[in-house]
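Trainee: Quick one: sequence plus predicted model below, questions after.
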Amino acid sequence: MNLWVLPSILLIIPTIHTFQYSKLAQYVDSHQEQYVETLRDWVAIESDSSNALKRSDLHQMMEIVAQKLRILGGSVQLVDIGQQELPDGQMLVLPKVVTAQFGNDPNKNTVCIYGHVDVQPAKLEDGWKTPPYNLTDIDGNLHGRGASDNKAPVLAWIHAVEAYHALRMELPVNVKFIIEGMEETGSNGLDSLVVAQRDTFFSDVDYIIISDCGWLSRRPALTYGTRGNCYFFAEVEGPKQDLHSGVYGGTLMEPMTDLIGILDTLITSSGKILIPGIMEAVAPLSDEEWKMYQDIQFDMDNYKTKIGVNHLMYNNKVDLLVHNWLYPTVSIHGIEGAFSDPGTKTVIPAKVTAKFSIRQVPNMDPAVVKKQVTDYLHAVFAKRKSPNKLKVTMVIGAKPWLADTKHPLYEAGKAAVRRVFDMDPDLIREGGTIPIARTFQDITGKGIIMIPIGGFDDGMHSQNEKISRYNYIEGTKLFIAYLNEVAQINKTRSI
C-alpha cells in the first residue's frame, strides 16, 4: 500500500550539532579574504547581458562558474540554449547555462540553487565613485557592479558547499545548481531549458532556492512573494518626417502632444490607477498579513534618505509596504523618438514611443491586463479625434510569484537565521519581479523559497552597487545552516 505524507504535515526535526556548525563557521571566517578575492575576480568580468559587445565576457563568466564547480567535484554541464535575435536582425549566441550536481543519495532531500552572473550596465561616468568593475572595499562595503546582484550570493552558495568539501564533511542534502547569464535581460532561453529538463535535471529536486533579492532593513529576511510586470510600448505616429516647429507648429496635431495626453490618463498624482478593471482584480489583503507587517523592521526616514526624497505617498510603514508589495503600480519610464540630448532643438517628432509598466500582483493575468490597457488607451485616444496613429504593444508579461510562509522551507529558514544571526527574520515580499520564480513554480511544481543576503542599501542596478563584507560572510554561514535545516524536512515519499 502507498502511504503519502502530505506537505501540510511535514515536520522539522532538530538541527545539526552546534560543534559541527561552529567548525564550518570557523572555516568561513578563516577564508573570508579568499572569498573577497574571488568576488573581486568575478566582478572584474564585465558580464553585461544587455551589451552585444560584451558577449565574450559573458561566455568567459559562465566558463569560470563551471570550472569553480568542477574543482569542488561537482558533475557539471554547460548547456547550450541557442541564439537570440537582436533588433537589427543579427543572431547572437546565448551564454550557456551552468548546471551542477553534488550528491545523489535518494534518502536525502535535494535542493536546487538558482542564480545569475550577468549584470546591469555600468560606467564610471554614470556617477560611480569607484571603477564599477574593480571591487573596492570602503569601510567594509565591497563596491562593484554585480557584487550584490547576483555574484556574491552565487559565490556564497558555492562557498557553503566548498566548506563541507574542504572539511571532508558529507553534505546533509544533495545540492544542484542552475546558473544563468541572461537574467538582467529577461532570461532568454531559460524557460525552454526548464521545460526540456523538467523530467531529467529537475526530476529528483525537492526544493528550489533563489537568493536574487535583498533584506528590507538590517534584520535578515525571507522573501515569499514578488510582483509581476507587464511592460508596454505606446507609439503615436503622425507626419512622414520630423518637422520644424516654427514652420509647421500650429498647423497639425502633434504626436508628442497626443502621447503625453494619453499617458496622463493612466494614473493620478496620488497613485490611483485609472485603467478600468486593474484594481478590481487585486487579491485582497488578509488580516494575517496586515498584522505581520506591523512587526517588520522598516524605517520610513531611512527609506526617504536612501532615495533622496522628503515626502512619500503614504505616511505609515504598513500602508507603504502594502502598496509596494501587494498592489499594482504604473510607472512611466521614458519616451523614445523625442529630443533628449543637451541643448535645444526645435523639432516636432514624427513618431514617439512611450515606455511604461504595470507591476502585477496575485489574481492579475498578463493577458487580461494587456487587453485592458490596449482597449483603454485606444478609447482615450479616440476621444482626442486625432488623425495620428496609435499602436500599443505589450513586450513583457511576467507573472507574480507567491509562496506559502507556513511551508516547512520557511520554518527551516527561520531556524537557520536564528542560528546565525540570533534573531527571527522578517517575512517580506519584493516589489520587483523575478520571473524565473513563477517559471519554476509552474513548470516543475517544486517548493520555492527566496533567501536573500543582500543589504537593504546595496543599490542593486544603481550607481555604487555594493555588498557588505558582513552580509557576504555571514550569508555564507546562513546558507551552510540552511542546508542542514532543510535536510531535516521529512521527504514526501511512498512506503
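Mentor: Yes, it's here. Numbers count the residues shown, from 1 in each chain.

Trainee: for this structure, which spans come out with low pLDDT?
Mentor: Applying pLDDT under 70 to the chain flags residues 1-19, 491-495.

Trainee: List the buried residues in stretch 43-54.
Mentor: Across stretch 43-54, burial judged by 16 or more other Cβ atoms under 10 Å covers Val43, Ile45, Glu46, Ser47, Asp48, Ser49, Lys54. The way it works is simple: take the backbone N, C-alpha and C, and place the C-beta from them, glycine included.

Trainee: Could you identify the most distant pair in those residues?
Mentor: Val43 and Ser49 (15.2 Å; Cβ to Cβ).

Trainee: Tell me where the stretch 101-250 of the chain has helices.
Mentor: 152-166, 190-196, 245-248 (DSSP state H, counting those that start in this stretch).

Trainee: Let me have the ones you listed in CSV, extended by distance to Phe456 and mean neighbour count.
Mentor: Below are those laid out as CSV (distance: least, Cβ to Cβ, whole Å; neighbours: other Cβ atoms under 10 Å):
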stretch, distance to Phe456, mean neighbour count
helix 152-166, 15, 24
helix 190-196, 28, 17
helix 245-248, 46, 11
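
Trainee: export these to JSON lines and tack on distance to Leu263?
Mentor: JSON lines is the format used below for these (distance: least, Cβ to Cβ, whole Å):
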{"stretch": "helix 152-166", "distance to Leu263": "37"}
{"stretch": "helix 190-196", "distance to Leu263": "31"}
{"stretch": "helix 245-248", "distance to Leu263": "20"}
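
Trainee: hmm, back to that, quick check: of the buried residues of stretch 43-54, which lies closest to Arg218?
Mentor: Ranked by distance to Arg218 (Cβ to Cβ), the buried residues of stretch 43-54 are led by Val43 at 23.9 Å.

Trainee: so who does the residue nearest to that closest one when sequence neighbours are not counted touch?
Mentor: Nearest residue to Val43, sequence neighbours excluded (Cβ to Cβ, 6 or more residues apart in numbering): Gly144, at 3.8 Å. The contact partners of Gly144, by Cβ atoms under 8 Å, 6 or more residues apart in numbering, come to Leu39, Arg40, Val43, Thr130, Pro132, Tyr133, Asn134, Leu135, Thr136, Glu465, Lys466.

Trainee: C-terminal to the helix or strand harbouring the first one, what's the next element?
Mentor: Secondary-structure element containing Leu39, defined by DSSP states H and E: helix 32-43. Downstream of helix 32-43, the first helix or strand assigned by DSSP H and E is helix 55-71.

Trainee: contact partners of the following helix or strand past that following helix?
Mentor: For helix 55-71, the following helix or strand on the C-terminal side (DSSP H and E) is strand 75-79. Contact with strand 75-79 is made by 62-63, 66, 69-70, 96-102, 193, as judged by Cβ under 8 Å, 6+ apart.

Trainee: List the strands paired with strand 75-79, with their directions.
Mentor: strand 97-102 (antiparallel) (DSSP bridges).

Trainee: Next, the buried residues of the strand it pairs with.
Mentor: In strand 97-102, residues buried by neighbour count (16+ other Cβ under 10 Å) are Val97, Val98, Thr99, Ala100, Gln101, Phe102.

Trainee: Over to stretch 443-457?
Mentor: Across stretch 443-457, burial judged by 16+ other Cβ under 10 Å covers 444, 446-457.

Trainee: quick one on the thing from earlier: got a winner among the contacts of Gly144 for most neighbours?
Mentor: Counting neighbours by other Cβ atoms under 10 Å, Lys466 comes out on top of those with 27 neighbours.

Trainee: residues in contact with it?
Mentor: Contacts of Lys466 by Cβ under 8 Å, 6+ apart are Ile138, Asn141, Leu142, His143, Gly144, Ala147, Ser148, Gly455, Asp458, Gly459.

Trainee: From Gly146, how far off is it?
Mentor: Counting by Cβ to Cβ, to the nearest Å, the separation of Lys466 from Gly146 is 11 Å.

Trainee: Quick one: end-to-end length of stretch 217-232, please.
Mentor: End-to-end distance for stretch 217-232, by Cα to Cα, to the nearest Å: 32 Å.

Trainee: ok, and His322, which helix or strand is that part of?
Mentor: One thing to correct before we go on: residue 322 is Val, not His. If you go by DSSP H and E, Val322 is part of helix 317-325.

Trainee: tell me which residues of stretch 283-300 are tucked away?
Mentor: Glu289, Met292, Tyr293, Ile296, Gln297, Phe298.

Trainee: Not counting sequence-adjacent ones, nearest residue to the most centrally placed residue in the chain?
Mentor: What sits nearest the mean C-alpha location of the chain, by Cα atoms, centre = their mean, is Ile434, with 3.9 Å. Spatially, and ignoring its direct neighbours in sequence, Ile434 is nearest to Thr226 (5.0 Å; Cβ to Cβ, 6+ apart).

Trainee: next one: Pro121
Mentor: Counting by Cβ to Cβ, 6+ apart, the residue nearest Pro121 is Asp48, at 5.2 Å.

Trainee: can you give me the strands for the stretch 251-400 of the chain?
Mentor: Applying DSSP state E, counting those that start in this stretch to the stretch 251-400 of the chain gives strands spanning 329-336, 347-348, 351-360, 389-398.

Trainee: Can you give the contact residues for the last one?
Mentor: When you say that, I think you mean strand 389-398. For strand 389-398, the external contacting residues (Cβ under 8 Å, 6+ apart) are 186, 228-238, 258, 262, 357, 360, 366-367, 369-370, 373-374, 377-378, 381, 433, 435, 438.

Trainee: just the buried members of those?
Mentor: The neighbour count (16+ other Cβ under 10 Å) marks 186, 228-232, 234-238, 258, 262, 357, 360, 366, 369-370, 373-374, 377, 381, 433, 435, 438 as buried among the contacts of strand 389-398.
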